Each structure stands twice: as structure tokens, then as C-alpha cells.
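Enquirer: my questions concern the predicted model and sequence given below.
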There are 2 protein chains.
Amino acid sequence: MTTLTREYFVELDCQDVLADYRDQFDLPEGHIYLNGNSLGVLPKAAKARAREVVEQEWGQGLIRSWNSADWIHLPRRVGDKIAGLIGAAPGEVVVADSTSVNLFKLASAAVKLRPGRGKILSEPGNFPTDLYILQGLEKFHDGRVRLNTVHRDEILDAIDEDTALVVLTHVHYKSGAMFDMKAITNRAHEKGALVLWDLSHSTGAVPVALNEVDADFAIGCGYKYLNGGPGAPGFLFVAQRHQAQLQQPLSGWFGHANSFAMRDDYEPAPGIERTLCGTTPVIGASLLEVGVDIMASADMQQIREKSLKMGELFIELVGQRLDEYGFGLASSKDPAVRGSQVSLTHEQGFAIMQALIARNIIGDFRAPDILRFGFTPLYVRYVDLWDCIEALAEIMASGEWDKPGFRKLTAVT
Amino acid sequence: MTTLTREYFVELDCQDVLADYRDQFDLPEGHIYLNGNSLGVLPKAAKARAREVVEQEWGQGLIRSWNSADWIHLPRRVGDKIAGLIGAAPGEVVVADSTSVNLFKLASAAVKLRPGRGKILSEPGNFPTDLYILQGLEKFHDGRVRLNTVHRDEILDAIDEDTALVVLTHVHYKSGAMFDMKAITNRAHEKGALVLWDLSHSTGAVPVALNEVDADFAIGCGYKYLNGGPGAPGFLFVAQRHQAQLQQPLSGWFGHANSFAMRDDYEPAPGIERTLCGTTPVIGASLLEVGVDIMASADMQQIREKSLKMGELFIELVGQRLDEYGFGLASSKDPAVRGSQVSLTHEQGFAIMQALIARNIIGDFRAPDILRFGFTPLYVRYVDLWDCIEALAEIMASGEWDKPGFRKLTAVT
């Protein structure tokens, strides 16, 4: 392997078919942002949209905007656009609530669809809120379902006739490891179980084809690769074939067949809208739509190709430039099972990441020893990877990381 | 009673101690807005705050803003400010999710605190989402708790030793009728039951003293009298004495004792934060804070006095100017049991409200025959009431309401 040079990375950017997308984002001057897997950046168009929804739709339109600005159809309209990103059909996705709340709704509903089965299957080390919500569900159902976590390599074998639901995060938040969605869904269906995929680290990052793999349920995050803004609403997917039977416990008025008839008895909306609960967070959903529109205009195959190339080069640079400093690789070298990030390990990972952030190169740290670097091909350049590794090499050579100030946690996935 | 004149209303505005607050809101030119009980208006300061949180905190600060802009403490910070509006203590209120989701959390948790009791008590015609959420809860507990609705006059007698929880909306969304919070809470406690108050139509509208009446739980809405913006996050209250025992089913990562330790096992935060679930909707919560700050700067006793005076005058005007047109009064004439609205009935109520809205005088309609007029003393003037009734008299006299265009539903409570 030839030695890589900065010129080579600059040249890759010149040839990059996605390079023009970067101009659609409002990146802070002088920063390298490798944390879009945690909080995506601000689309320039979101600034104008925020003013419009706050100053015009709310300020001038007031209550009339539920009709005149079509606030009432926001969950479905943005949902239909997200459906296009994950291989779902219109009418199978809505935007609502948070990822955690959406998981509770769908996991509860799924368990109801498999009466007599007592097991929900997941993996230890899954994204914490997924496990916490399933533990809440377990408690709420007074032990009639129990959460069983097994190592990811043993998931296929653990799916059995007592399994009601398998809940897995498609791309792992720490390692970026990616499950074979088709194999697991197939096995679950063979055993009569259902599968719920958490697509938080997949949507907008890797190709997802829910209907092609015959998926049952999915949830996902609006503020990572979709660039929807901090705490943007989440989304959820229910395959068309499950919708008519679906009963979810958070049966609020926006999920009613006729919300404004103001009747006393709940009657679920006929389609995906039955998964809605309270009043739509209008401003959050409107800003999310801006990010989704940009993502929908891009070619997911091109995004994936650039992302894989970035991952490959990043790993190669780590090998060439950081070999002597004790870093380990927490992500697979096999691109087929890796999402859009590369994670390293280092026993001083926390302080090292702080030193990097102090230089305006932003990745993040996950306990106990993981340094995460996310690749978001629409706004990250190849040369950013070079400059990041260059900075890391300097930080390690100089001992710059070893300062008392580099101690406080700064990031939220 | 002397005949009222427009000059009298203008004079009242001149003497109004709250008059200056109107300048803090961005009201559309030429409008009379009597729908702040459904969606409050835009505070001028929210425009600048929206730009700041979107363009600076998100755009420039990115992931660092969880610390540098203190996003992480938003639920508690804004919650503490709301606590001051409802007679609660710091550490008893957080901002999170929607009103519906918060009701699910607290009603589930309350039922857990009263094992062996099978009844949740409410009233027919309560705000629909409250009943729908309780019906969802009923279904998911497979009949171990059942919802029992009795007429509001029979609530006190219906609270018995089998009652786990009483769920009532303090001020009724349609009629504005107000419960005696102290009497109901006392009776419930005598019988060993708990009470959950929905303060959606109370907070910022009428004085509320949760701790003075020894309240257990409450929820409320951010986008009505608090002027938090369309679909703003809701809030919830848990009395300090219940917090350590509280187990709520939506146990997401923001409710964890140590969210960023990323452990597999849920451990609830020690205090009110255990009621949080997913990632905070940062932009919505930040804009809500602006509305809450304005409300917190005002004197609730002055607000209540102006609101009652407005209600009294409005009812008097209806009597003097609309007597011949078949309107009924759906609100009590007794100010002690009326919130900050007056509702009329009319069999052509829907079309009449549309005709009024076409003149930029905005109230709303609730099936089957209710016209609602909300009084928000910080930005509604006395003279607006006169002009509203004047317009109504013209609409009725001319038959202006009887047009085919006035047919479509336009408002969301």
C-alpha cells in the first residue's frame, strides 16, 4: 500500500459527485464535524423555514394554520418522504414524538399481536434507551413479557416459538456494526415472531429496504443523519399488513379516526395515523422536513459509496499515522457490516476526544473507551479525514490530551 | 343595569394595569384573537430566540450546546419556572413530550402506587385525549383497571375505596367550568385515592395552588395560555412526596439516573427527572421558555381580575346585543366556577364562527354547537370584546353567516 498524502484527499474531493451538497449546510467556520451520527448540522434552508413557521404560520396565521399551512398533515407528509429513504411505501411512516416513545408504542402493539408468547429479544449493549424502554414495558406488563438479551452472534439461534418480538438497532451506535436485516427478519418470521428495527443510525446513512426484507416495524431518529435539529421528532414505520390490527397504548386524540368530533370513545384512525398520540410538535416537524428534503434529493447509493470509501481511508490512515499510540479499532474492517462511522478505542479516549474538540474537530466519546467518528457524505470532505488524523497524531505526539480541563462529558448521541 | 357603550370599554383599557403587556406580543394587524385558550400568540421575543437556538446554538454550537447552551437542563429549568405559576416547588415540574404522553406516564405510575384498586374516575365529556389515553391504559392493563366516568356533580360521591385515581380537567375545555380542586383532592385522599389534574386550560389563566391543596399529580399544555408555540412540549407535576416511589412505564434514557453512562439497566433518576423519556425537543422547549418567562413576570391575581371582568362584560353584552338571535350561554354566570373563557351555544354555531373568523375575529367552534371565546388578559383588550359582539350582531342581523363557504372545520383546541 502506498503512503497516503493530503493531496490525494484533496483530489478525491475534486472528483466527488456529492461535493456540491456541502453548500446546502451552514457549517461553523474552521470546524471539522464528524458527529453527524449524533446531531446533524443545520441546513441553510432551515433558517428561512424556522422564520416562516414561527413568524408567519404561528405569528400571523395562528390557529388557522392547522388548515392553511397544512400543519394537520405534517406527521404523514414528512413520514411519506422518510418512507422513500427506507424502502417503505407512502402511508407506512409518520413523524411523531421521540424515538423512545415510538419504541414503546410499537413494541407494546407488537406484543399484543403475538398473544401467548412471552419473550422480547434484544442484545446487551443495544442503544440504552431501547433497553430501558423494553424494561419499562416488561414492568408495565407485570411480567407477562420478559426481555431477553443475547450476544449479537447468537440472535438467530435465540429466536424461538416463544419469541413475540425481536428489537435490534440495525447499525450499532458505538461500533457501527450492521445487522443482516433480511436474515434476521426471515428467521423471526419462520418462527412466527415479529421484528422491530431501530434505524436511528441507518436512515440517511446506509441503504435500507424495509419492504424488500418484509420488515414489520421500525423506528428512527430525526436529528442524526436526517439533520432535523436538536431533539427533532422521531419517526415510526408499520408495514401496511399490520396496520388494521395494530393497537397501541398511547391512544391520544391525534390517532383518533375523527379527532375533531370530540367524542368520548377512542376509535383508531384506519391507517398509520393510529400511531399518533398528542398534538404534533409543529415547529420541530417543520424543520425536520427541510433535512429530509435534502436527503431525499440525494442518491443513497452515492452516499453509501462515499461513506464506505471514507471509512476505508480513515482506517488506513489510523494504521499509517497512529500506529504507535495504542489505538484499537472497534469497527469492523468489512464494509458490508459497517454503518457510516468508524470507532476507535483508547484507554485515554475521553481526554483525547476533548483535545480534538478543543481544536474544533468534533467526534464524540462513548464510555468506557470509544472514540466515534461519523461520516456524513453530504457535508464532510475527504480532506477533513486527513486533517482529523493529522491533528490526532499531533495530539498524541505532544501529549496535548493530558490536561486537567479535558474531563467533562460534552456530547449526546 | 345601564346600557354599555364602546367608550366605556376604551376607558377600561386606559385604566388597565396589564395593558402594556400587549406590546410584548406579535399580533396580526387588524385581528381580534379570542382563541388563546386553543393556541396562544407569538411573543415578540420568541422570534429572536428562535433565530438564536436554530442559528447559533444548533448551527454554530452543534453537539457542544448540550453543555454550552445548557440544553441538558431545559426540562427542569423551564419546569421550575412553570412550577411558580401553579403553586408547585422547584423540582416538582418538568417540560417534556406532549400532554397526552405525560398523562399516560403519570396515570400509569399512579395506578401502580395503589395496587389492588381497580378504578380510574373521570367525567364524560372530559377533554377527549384524556379519556382516550385512559382507555388505552385500561386496554393495556387487560382489565385490571377500568375507567369509570360519572357526571361532574357526582364525582365526589363516586370516589370510593376501590378508586385508585381521579383524572379531571380543572377548567373544562368547552364550558370553562372549573372544579373545586381542594374539595375533590381532599375527598380522594380521605378515600385513599390519588388525583391527577389536567391544567391545560388553567395554567396562566387562573390561579392554581397545587401544594396548597395537597395535589398529587398534574399535567398541562404549553401552547395555550403559556404561548409556547404550536405543538409546544407539555409539562407534568409530581408532588415531592410521591417522587421516590414513582415508576413510570416510558422509562427512556433521559429519565435515567446517569444517561451517559450508557449502561444496559434502567435506573430512574432520583427526582422529577425520572418522568423524562426521550431526547428533549430543544427548539420547542426553548420557545416555550419565552412564553413562560412573560407569564412569570405578570401578576396572576391581576390576570384573574381582568379575565373575570372580561367574562362578566362579555356575558352582559351578549344579553344586551344578541338577545333576539337564539344564543345560549354554556358557561356559568358564577365567576368562581368559570375559567378564562365564555362559551355560547347556537344551532348554527359552526357557520357563525366561520363568518366571524372571516372578519378576522378569531374564536373557535366545538361540536355540536359551542362557540368558544377565550380571554387572555395579557394581550386582549376590553374594546376587543365590544367589537367582537358588535360584529356578531351584524352577522346575525344581516344573515352573513348563511353562506356555503362557512362549512369547513378550522381549529384545533
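Expert: Cool, got the structure.
Enquirer: and the residue minimising distance to the centre of chain A, what's its pLDDT?
Expert: Note on chain A: the residue nearest the mean C-alpha position is A:Ser200, at 2.0 Å, using C-alpha atoms, centre = their mean. According to the prediction, A:Ser200 has pLDDT 98.
Enquirer: list the neighbouring strands of the top strand by length along chain A plus their orientation.
Expert: The longest strand of chain A (DSSP state E) is strand A:163-169. As defined by DSSP bridges, the strand partners of strand A:163-169 come to strand A:119-122 (parallel), strand A:194-198 (parallel).
Enquirer: whichever helix or strand comes after it vs strand A:163-169, what angle?
Expert: Remark: after strand A:163-169, the chain's next helix or strand is helix A:181-190, criterion DSSP states H and E. Using axes from the mean of the first three to the mean of the last three C-alpha atoms, to 10 degrees, the direction of helix A:181-190 lies 170 degrees away from that of strand A:163-169.
Enquirer: tell me how far A:Leu103 lies from A:Leu236.
Expert: 8 Å (C-beta to C-beta, to the nearest Å). Yep, even glycine has a C-beta here, placed from its N, CA and C like the rest.
Enquirer: deepest-packed of the strands paired with strand A:163-169, please.
Expert: Ranked by mean neighbour count, the strands paired with strand A:163-169 are led by strand A:194-198 with a mean of 27 (mean count of other C-beta atoms under 10 Å in any protein chain shown).
Enquirer: A:Leu344 and A:Gly326 touch, don't they?
Expert: No. Using C-beta atoms under 8 Å as the test, A:Leu344 is too far from A:Gly326 to be in contact (10.1 Å).
Enquirer: which one of the two is surrounded by more residues?
Expert: A:Leu344 (23 against 11; other C-beta atoms under 10 Å in any protein chain shown).
Enquirer: does the more buried one count as helix, strand or coil?
Expert: The three-state label for A:Leu344, taken from DSSP: H, G, I helix; E, B strand; the rest coil, comes out as strand.
Enquirer: tell me the spacing between it and A:Ser331.
Expert: 8 Å.
Enquirer: do the same with A:Ser343
Expert: 5 Å.
Enquirer: what do the two both touch?
Expert: Counting by C-beta atoms under 8 Å, 6 or more residues apart in numbering or on different chains, the common neighbours of A:Ser343 and A:Ser331 are A:Ser175, A:Gly176.
Enquirer: ignoring the adjacent residues along the chain, who's closest to A:Ala269?
Expert: A:Ala257 (5.0 Å; C-beta to C-beta, 6 or more residues apart in numbering or on different chains).
Enquirer: mind checking pLDDT for that neighbour?
Expert: 96.
Enquirer: does it touch A:Pro270 like I think?
Expert: Yes. At 6.6 Å, A:Ala257 counts as touching A:Pro270 under the criterion of C-beta under 8 Å.
Enquirer: if you count what's nearby, which of those two comes out ahead?
Expert: Taking neighbours as other C-beta under 10 Å, A:Ala257 and A:Pro270 compare with A:Ala257 leading, 14 against 10.
Enquirer: next, the contact list for the residue nearest to the centre of chain A, please.
Expert: Contacts of A:Ser200 (C-beta under 8 Å, 6+ apart): A:Thr99, A:Phe127, A:Thr169, A:Tyr173, A:Ile219, A:Gly220, A:Cys221, A:Lys224.
Enquirer: about what we covered before: list the contacts of the longest strand of chain A.
Expert: Counting by C-beta under 8 Å, 6+ apart, A:103, A:107, A:110-111, A:113-114, A:117-123, A:126-127, A:130, A:134, A:145, A:155, A:159, A:179, A:184, A:188, A:191, A:193-198, A:200-201 sit against strand A:163-169.
Enquirer: and the strands in chain A, which stretches?
Expert: Using DSSP E, strands in chain A cover A:32-33, A:93-96, A:119-122, A:146-149, A:163-169, A:194-198, A:217-220, A:234-238, A:328-329, A:341-345, A:361-362, A:364-366, A:370-374.
Enquirer: show me where chain A dips below the pLDDT cut-off.
Expert: A:1, A:407-413 (pLDDT under 70).
Enquirer: now the stretch 51-200 of chain A against chain B: closest residue?
Expert: Here the residue of the stretch 51-200 of chain A nearest chain B is A:Ser98; by C-beta to the nearest C-beta that distance is 2.7 Å.
Enquirer: okay, now the residue of the stretch 251-400 of chain A found nearest chain B: neighbour count?
Expert: Closest residue of the stretch 251-400 of chain A to chain B, C-beta to the nearest C-beta: A:Gly278 (2.7 Å). A:Gly278: 27 surrounding residues under other C-beta under 10 Å.
Enquirer: next one: A:Glu316
Expert: A:Glu316: 15 neighbours (other C-beta under 10 Å).
Enquirer: now swap in A:Thr185 and tell me
Expert: With other C-beta under 10 Å as criterion, A:Thr185 counts 21.
Enquirer: I'd assumed A:Leu196 was in contact with it.
Expert: No. Contact between A:Thr185 and A:Leu196 fails when scored by C-beta under 8 Å: they sit 10.4 Å apart.
Enquirer: so what sits against both of the two?
Expert: A:Asp216.
Enquirer: ok, now how distant is A:Tyr325 from A:Lys403?
Expert: The gap separating A:Tyr325 from A:Lys403 is 17 Å, by C-beta to C-beta.
Enquirer: the stretch 301-413 of chain A: helices as residue ranges?
Expert: With helices called from DSSP state H, counting those that start in this stretch, the stretch 301-413 of chain A shows them at A:349-358, A:382-398.
Enquirer: how about those in a markdown table, adding distance to chain B?
Expert: Formatted as a markdown table, those follow (distance: least, C-beta to the nearest C-beta, whole Å):
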| stretch | distance to chain B |
| --- | --- |
| helix A:349-358 | 7 |
| helix A:382-398 | 14 |
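Enquirer: tell me the most buried of those?
Expert: Highest mean neighbour count among the helices of the stretch 301-413 of chain A (mean count of other C-beta under 10 Å): helix A:349-358, a mean of 22.
Enquirer: ok and it relative to helix A:382-398, angle-wise?
Expert: 120 degrees.
Enquirer: before we move on, back to that, which one's more surrounded, A:Tyr325 and A:Lys403?
Expert: Using other C-beta under 10 Å as the criterion, A:Tyr325 and A:Lys403 rank with A:Tyr325 on top: 15 against 12.
Enquirer: next up, the contacts around the more buried one.
Expert: A:His346, A:Ala393, A:Met396.
Enquirer: relative to A:Ala83, which of these is nearest.
Expert: Among those, A:His346 lies closest to A:Ala83 (C-beta to C-beta), at 39.7 Å.
Enquirer: hmm, A:Gly328 and the closest one touching each other?
Expert: Yes. If you go by C-beta under 8 Å, A:His346 and A:Gly328 touch, sitting 7.2 Å apart.
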